[in-house]
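Peer 1: For reference, the sequence and a predicted model appear below.
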Amino acid sequence: MILRLENVSKSFGALKVTDAVTISVPRGEALGIIGPNGAGKSTLFNLITGNLLANAGRIEFLGRDVTRVPAMERVRMGVGRSFQIPQPFEGLTVFENLLTAAAFGRGGREADMVDACAQILEETELLKKANVVAGSLSLLDRKRLELARALATGPELLLLDEIAGGLTEGECKALVATIRGIHARGTTIIWIEHVLHALTSVVERLLVLDFGRVIGIGAPDEIMASKAVREIYLGLEV
Amino acid sequence: MLQTHGLTASYGQFRALFGVDIAVGEGECVAIIGANGAGKSTLMRSITGVIRNEPGMVLHRGEPIGALSSAEVMKRGIAMVPEGRRLFPSLTVEENLLIGGQVRKAQGPWNLEAIYDLFPILRERRKNPGTALSGGQQQMVAIGRALMSNPELLLCDEISLGLAPVVIRDIYAALPKIRAGGAAVVVVEQDIGKALAVADRVYCMMEGRVTLAAQAAAVSRQDIHAAYFGEAA
Amino acid sequence: MYRSTTRTRAGAATAIVVLALAVAGLALPAVASRSVIQDLFFILTMLTLAQIWNLLAGYGGLVSVGQQAFVGLGAYAMFAGVILLGWNPVWAILLGGLAALVLAVPTAYFAFRLQGAYFAIGTWVIAEVTRLLIAQWKALGGGTGTSLPREATSNILGTDLIRALFSVREAAARDILAYWLALVLVVAVTGGIYWLLRSRLGLALSAVRDNVEAARSVGVDARRLKWAVFLIAAAATGLTGALIFLQTARISPDAAFAVTDWTAYVIFIVVIGGIGTIEGPIVGVLVFFVLRSALADYGSWYLMTLGLIAIAVMLFAPKGLWGLISARSGLHLFPVRRRLVGPKIEGGI
Amino acid sequence: GVGLAAPAIAQGAKIKLGYVSPQTGPLAGFAESDAYNIKAFLESEAGKNFDVIVKDSQSNPNRAAEVAKSLIVDDEIDLMLVGSTPENTNPVATTCEAEGMPVISTTAPWQPWFIGQQGNPGDPSSWKPFDFAFHYFWGLEDIIAVYTSMWKQLDTNGKVGGLFPNDADGNAWGDPKNGLKPGLEAAGFSLTDPGRYQNLSDDFTAQVNAFKAANAEIVTGVVIPPDFTTFWNQARQQGFRPKAVTVAKAILFPQSVETLGDAGNNLSSEVWWSASHPFKSSLTGQSSAELAADFTAKTGRPWTQPIGFSHSLFEVAANVMGRVSDPSDAEAIAAAIAATDMTTVVGKVAWNGAGVPPFAAKNVCKTPLVGGQWRKKADGGFDLVIVENATAPEIPTAGKMEALA
Amino acid sequence: MIWVDTLVQGILLGGLYALFAAGLSLVFGIMRLVNLAHGDLIVFAAYLVLMGVTLLGLSPWTAALVAMPLMFGLGWLLQTAVLNRVLGKDILPPLLVTFGLSVALQNGLLEAFSADSRRIPAGALEGASLDLGLVTVGVMPLLTFASAVLAIVALNGLFYHTPLGRAFRATSDDAVTAGLMGIEPKRIFAMATGIAMVVVTIAALYLGMRSNFDPAIGPARLIYAFEAVIIGGLGSLWGTLAGGVIIGVAQTFGAAVNPEWQILAGHIAFLIVMLLKPRGLFPRAVD
Ligand SMILES: Nc1ncnc2c1ncn2[C@@H]1O[C@H](COP(=O)(O)OP(=O)(O)OP(=O)(O)O)[C@@H](O)[C@H]1O
Ligand SMILES: Nc1ncnc2c1ncn2[C@@H]1O[C@H](COP(=O)(O)OP(=O)(O)OP(=O)(O)O)[C@@H](O)[C@H]1O
Ligand SMILES: [Mg+2]
Ligand SMILES: [Mg+2]
């Protein structure tokens, strides 16, 4: 198991956003997470990455208890993430964004990271814009940059938060191919996505979150077939 | 009554809206749907003057209001329930409500009592700080606060976000009563079913553009899926 | 196949000019009058303080209004080294840097608990406390202050050599020495900051400035970074303070811990020139010096003008004069941008 | 009349005097007569040979040192003059000493001036005389003599409370070995000194309580005006009513006393110069009274003590420069200063070591000091009446010391 | 006995500091504005009152009443013309602008009124005292303290029980959403600064009657005022009073040990509070 969550809970004041979540993710898996807005998906990511600290429960990464380990250390251990709302370093160029992530996420000399960064840029179709200031990117490129920057930290576990939202069909296909490639290289992936067909074409298991609780986990077909999930998720009466 | 004309908006160098045209008629209920980041909230902020634009990009009864401050827009009778509710933490529930009608005191059905009748739970909690309420109750306060000015147009940005289905039902149950008070309503929603149930017309947005404009009754799920996700379902 | 470079034509030109200026600066005492040397000393030391404050506030987001604590303590430590320990003043300057560094540790520990405006005021209070404590130090004159003894000022390391070299009087030789030290210091500090910004720490600083949460998520330790910047800045400020008061040869708590002289004017310089750039403080210090020379005889009118100019710059050119210049011309004399060079890349800065 | 047919003038170029004064800032009161005195000096017979370059220290010691240096280096002055409290004289004198520029300084008691410029003021064995810095004024021993004689005119228990701030003056006055304490004790008074406070303190309860506890009937000290007002109000509010309050600095200027209103009546202090000092200017021939009257006529302001000293600085400068042949010869000027022996509008000035301990004898010369008391006039203004002249009998008294109501 | 006296005098001194700080607290609480010119504005108001007394022959109290609307107007103008334009997330622009203002104001006053120290004459009140048995206290410090309490009660009433106060709190919480309520944050800010200047006038009255003032004394008082505000917690007016009292009492007790420790003790009290409670004693839920 690369990642284990045991009864992890998180509240903001009276609001319980993550409610005794228990999950195990084997190494190399691609896990999808779905759930309605505000279900606590992004919060779960924040707990795994250390951007938020859990109120209760235990988080293990690579067999080590990381429940109270700060975010920057978890990155160095191999937890990479993208943000749902892209958070580029706006004053830096795309390349510098990656370079920062590579230099600090992996820990190494800048000069040794250049080729790796260039390769990631190529893979995420950002190479052309390498020297453009991130603040001026379009939404699509920002999402690409989120992915690219997360990759640059050299993650063993990659957390993707809604990176396909708002992409056209073609863009989405390319993205799916990219993520498949990353997965194929052995990186464990957890992916929050509303664009279900994209998600289901990559992940092996699907987890449904509602009100901070896991209400279903299993093979995508099974989960998608369940009436409750469809109702909760799309709000459409089937 | 309200129209946008080629409305554009940016955050710094980042452009979030690309020429959006929508219209809301007197007493009408319009739904705006779209995925995360489609620009729905940005559209709402542009209409209410939180983001300022060229004067002519937003028209209210034919007058350009695109460059007005949010306070001036509000005084014209356009009230908003902002995304995330945004109650004032230092104010009690009652004060949160009162402040909504403090500046613009138009004639109309809505006052403190009427709001308490609409959402009775708030009467019990009126001395509590606004932020001590549950999410649904907070949403009720936010709606009540906007109603207090007796607006002619009410903009609701994701009023069901993060709420339990029962609570969502309660809140949506209030919408017809609000419309009965004479206000036109715009609801921004990701919950397509809910949106379609209340709206007369629907706009779907994607990446800062309107990708679908239709009568709610006439629209098919297919169309929505296409406009929402950018492809056939 | 790919490489990263920060080189630009303007940067290369700047490097050559700076090198030439530094060499010329070293040789200058041979031809320049004492008054020029003294003006330059003032400009160089203020520039050093401005660059340091710019590093703190412009790059590190640490808006300190308590830098006078480090100027003052550095200066007092230098005096203590000379008067109480009998050190040569030149070595005692290093003691000044060390003392400031030591003070910075508890200061950071305390002030980093505070945010924004609280941080600013917290640093100011610490500077006041330091001033009041130093004012109790009877061996260095308490609130009265003290002067460097004659035998110390006349035996400063290197002045004999300078006297022989330029055949000048002792006082002039001291000025030249102080000027050289100031030149070395300003080059070291500016160069150090430039180097820092081009190192990976520079990336980290920008990342933290843009978005702390995201910075943490790519492994940047924002806290350690702040500590590092604060400590470096304190030590360099202490050295500068010691050097300034070596040249003055007299110290008192009010002079050494003057918030106006060592922090307010420095902030004016940085902001008028343009915060967050290396060029800004250089422009700022020149403007400040010109204003001071032109208006100093008008007493209160000078200070009134300075205050009003600061307000005007904030209102009409919040990025300072250099901000105006570089926005128009796209010029960066000290480029820190890394560009990826290789096939299939367009644009570039 | 000083012999001014000196060779210096024959060279044609005017002699440049540098003058650092606090034209602005809290010390500006000391500089209020500068413009008047300099004008009078330049218009006098002797003044024709001089240029005076005035620089404003803005009451800031940093700035004082800086402008002093600029006068020496940029303006290439021949002689520096400075006055107006140790905050102003010390940085200038230190700079001049380091630069080898002769400087004549005044209007600061000599202890804070001399000891205050030593590296370690606490260690007398380390004190060194100066080569270029010369000072004339009085010292704490004179204060002690004048104050104790004033108090002896009253019927008191001899218990004195002291207010000494942590600044150059306060540290010198309050020093247990070299300050007021030993002298007062020798004269039969006991001093309660609660400790150094910071200037601009907002509360003096601790001092009032200490004085009450010691049953003090006299208050003395060297206090800046705002602090004195605060202290004096609090003392009265808290029921502390001494028989005599004799302080320096705070009630130097009539304006400061006027701000106290009725509470200013019969406060006493030392007097270094007044309109009734029986001395004449060597420059203009005016008597003290004429100088004071002329100042008031020309500026519309009442006379103040610094006027005489500001005037005398230029008298001494003219006298000294009249005795040197090469104005650019700093050593010669220093020697000429040391050899001065003249009478100015503030009294005799001669660096002959009279009344000064050996370590400072070379650089310090003393002028006479008497004691005065502020008396409220019918129109609300105040008169400074000289009530004590034991150490300078040539200066007449105009009344007797009176106890506070 | 001495300790009781020290405590009482410290509390009364705290009233003075709280009065200096009350206006600052209002402005700092509502718009996070670090006004470095606050001390100089107090001095400016003191000159205004003094002019009323000397030129118009008014009593200090009437002169202060006359000065209040003038100061309100000045505050309004200052906020609309200058400060509103630099308010934002970055604390540096307002810091710098108010510092520039402080320097300009100090030197402007110096030009206008010279460096002479002045005083607002209060006649017999200056030395008047009240014997309370255990301690003897001055009438003036008592009045100062009472005025501080009164000012804080009044501001509190305004803040918590009027529509304007509601608008203040709402704007302070979230200026954008306040705009959606029809409130113009900039007008609210101007109003707040105007009101703060009225309080400044009261502070100036006591500053000027209690001791001498000159154009340069503003900054020395400013730091205590800031400490009082921060100790109290952002936006808490009673907290500001508590903060003032803590500094005042720390100062008098420090001085009772040795006058050398007087001012230091006040600062150290501040540092200790900040170490224990970095957001002050009575912080608001949000800031
Ligand atoms: N820092 C915070 N403080 C208070 N409440 C928060 C905070 N972060 C999130 N929440 C609340 O927690 C709930 C879950 O938020 P979260 O962002 O995890 O949802 P999500 O499942 O990612 O939704 P979406 O699909 O919209 O991204 C929401 O109600 C949100 O308002
Ligand atoms: N303050 C801001 N600064 C920069 N970018 C922003 C800001 N607010 C929104 N954006 C960006 O603008 C785009 C449109 O955002 P908007 O909030 O209007 O979307 P939305 O349709 O309301 O989405 P959601 O359903 O998540 O509320 C998004 O890409 C978002 O990241
Ligand atoms: Mg999310
Ligand atoms: Mg939205």
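Peer 2: Nice, I can see it. Numbering: from 1, shown residues only, chains lettered A, B, ... in the order given. Ligands and ions are numbered 1, 2, ... in the order given.
Peer 1: need the longest helix for the chain.
Peer 2: Assuming you mean chain A. When chain A is parsed with DSSP state H, its longest helix is helix A:169-184.
Peer 1: meant chain C, my bad for not saying
Peer 2: In chain C, with assignment by DSSP H, the single longest helix is helix C:170-198.
Peer 1: so does the helix or strand that that helix is followed by get close to chain B?
Peer 2: Counting by DSSP states H and E, the next helix or strand C-terminal to helix C:170-198 is helix C:200-210. No - using C-beta under 8 Å from any C-beta of the partner chain, helix C:200-210 stays clear of chain B, coming no nearer than 11.5 Å. To be clear about C-beta, it is placed using only N, CA and C from the backbone, and glycine gets the same treatment.
Peer 1: what sits against E:Tyr17?
Peer 2: By C-beta atoms under 8 Å, 6 or more residues apart in numbering or on different chains, E:Tyr17 lies in contact with D:202, E:224-225, E:228, E:243-245, E:247-248.
Peer 1: Closest to chain B out of these?
Peer 2: Using C-beta to the nearest C-beta, E:Gly243 comes nearest to chain B of these, at 19.4 Å.
Peer 1: residues near the closest one, how many?
Peer 2: 32 (other C-beta atoms under 10 Å in any protein chain shown).
Peer 1: hmm, the host helix or strand of it in reach of chain C?
Peer 2: Element membership of E:Gly243 [criterion: DSSP H and E] is helix E:237-257. No - Helix E:237-257 stays clear of chain C (C-beta under 8 Å from any C-beta), getting no nearer than 10.5 Å.
Peer 1: Any residue of that helix touching chain B?
Peer 2: No - Helix E:237-257 is not in contact with chain B by C-beta under 8 Å from any C-beta; minimum separation 12.8 Å.
Peer 1: so what does that helix touch, helix or strand wise?
Peer 2: helix D:205-213, helix E:2-31, helix E:139-161, helix E:218-232, helix E:262-276 (3 or more C-beta pairs under 8 Å, 6 or more residues apart in numbering or on different chains; DSSP states H and E).
Peer 1: residue boundaries of the strands in the chain?
Peer 2: I went with chain A, as the question did not name one. A:3-12, A:15-25, A:30-34, A:56-61, A:64-65, A:79-81, A:157-161, A:188-192, A:205-210, A:213-218 (DSSP state E).
Peer 1: Wait, chain C was what I had in mind.
Peer 2: C:3-5, C:146-147, C:250-251, C:339-341.
Peer 1: Select, out of those, the one closest to C:Ala204.
Peer 2: Closest approach to C:Ala204 among those (C-beta to C-beta): strand C:3-5, 15.9 Å.
Peer 1: next one: the closest one to chain centre, how far?
Peer 2: 31 Å (C-alpha atoms, centre = their mean, to the nearest Å).
Peer 1: helices or strands next to that strand in the packing?
Peer 2: Using 3+ C-beta pairs under 8 Å, 6+ apart: strand C:3-5 touches helix A:110-123, strand C:339-341.
Peer 1: looking at these, which is closest to A:Ile223?
Peer 2: That would be helix A:110-123 among these, by C-beta to C-beta, at 29.4 Å.
Peer 1: sorry, back to before: distance to E:Leu237 and mean neighbour count for the helices and strands packed on strand C:3-5 - can I get that in a markdown table?
Peer 2: Below are the helices and strands packed on strand C:3-5 laid out as a markdown table (distance: least, C-beta to C-beta, whole Å; neighbours: other C-beta atoms under 10 Å in any protein chain shown):
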| stretch | distance to E:Leu237 | mean neighbour count |
| --- | --- | --- |
| helix A:110-123 | 52 | 19 |
| strand C:339-341 | 54 | 21 |
